[in-house]
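Asks: What shape does this take:
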Amino acid sequence: MPNLAGQNLEDQGLNIVTGGSGAAAEIALINSFTNLAGFVSPTVIGWLKFQTGSLSPGLYTVAGTLTLAAVLVWGYIPAKLVNR
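Replies: Below you'll find the predicted structure:
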């Protein structure tokens, strides 16, 4: 099934977990986490600014969370899934 860029979803690696028929579910799961992050991040940053009077702790929290996510992705995705 081609997308707007003209590539198959299978070529983009979206069927790694569930296969070709589950690509829509994987996209929906990614979208759900993105929407949740879009709500939680400003809430946490605002709460930390209120508690500390500065934006720095909130931005450090976001940076730390992104760093942790990158380490988890790099550490737990097998090379055979990346190099196919």
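
Asks: Show me what counts as buried in the host helix or strand of residue 75.
Replies: Using DSSP states H and E, residue 75 sits within helix 56-76. Judged by neighbour count (16 or more other CB atoms under 10 Å), helix 56-76 contains these buried residues: 57-58. Where you see a C-beta, it was placed from the backbone N, CA and C, and this is true even at glycine.

Asks: what packs against it?
Replies: Here helix 56-76 touches helix 23-52, going by 3 or more CB pairs under 8 Å, 6 or more residues apart in numbering; DSSP states H and E.

Asks: Now do the helix it packs on against helix 56-76, angle only.
Replies: Calculated by axes from the mean of the first three to the mean of the last three CA atoms, to 10 degrees, helix 23-52 forms an angle of 150 degrees with helix 56-76.

Asks: Show me which residues of helix 23-52 are buried.
Replies: For helix 23-52, by 16+ other CB under 10 Å, it's 23, 26, 45, 48.

Asks: closest to residue 73 among these?
Replies: Proximity of the buried residues of helix 23-52 to residue 73 (CB to CB) peaks at residue 26, which lies at 15.1 Å.

Asks: tell me the pLDDT at the closest one?
Replies: With respect to pLDDT, residue 26 has a value of 80.

Asks: distance of it from residue 36?
Replies: According to CB to CB, to the nearest Å, residue 26 and residue 36 sit 16 Å apart.

Asks: same question, residue 46
Replies: 16 Å.

Asks: quick one: residue 68 from residue 33, how far?
Replies: 14 Å.

Asks: go on, residue 62?
Replies: 15 Å.

Asks: residue contacts, the nearest residue to residue 58 once chain neighbours are set aside?
Replies: Closest residue in space to residue 58, ignoring its immediate chain neighbours: residue 45 at 3.5 Å, by CB to CB, 6 or more residues apart in numbering. Contact partners of residue 45, counting by CB atoms under 8 Å, 6 or more residues apart in numbering, are 55, 58-59, 61-62.

Asks: Put together JSON lines for those residues, with pLDDT on each row.
Replies: Formatted as JSON lines, those follow (pLDDT from 0 to 100):
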{"residue": "55", "pLDDT": "94"}
{"residue": "58", "pLDDT": "92"}
{"residue": "59", "pLDDT": "92"}
{"residue": "61", "pLDDT": "92"}
{"residue": "62", "pLDDT": "91"}
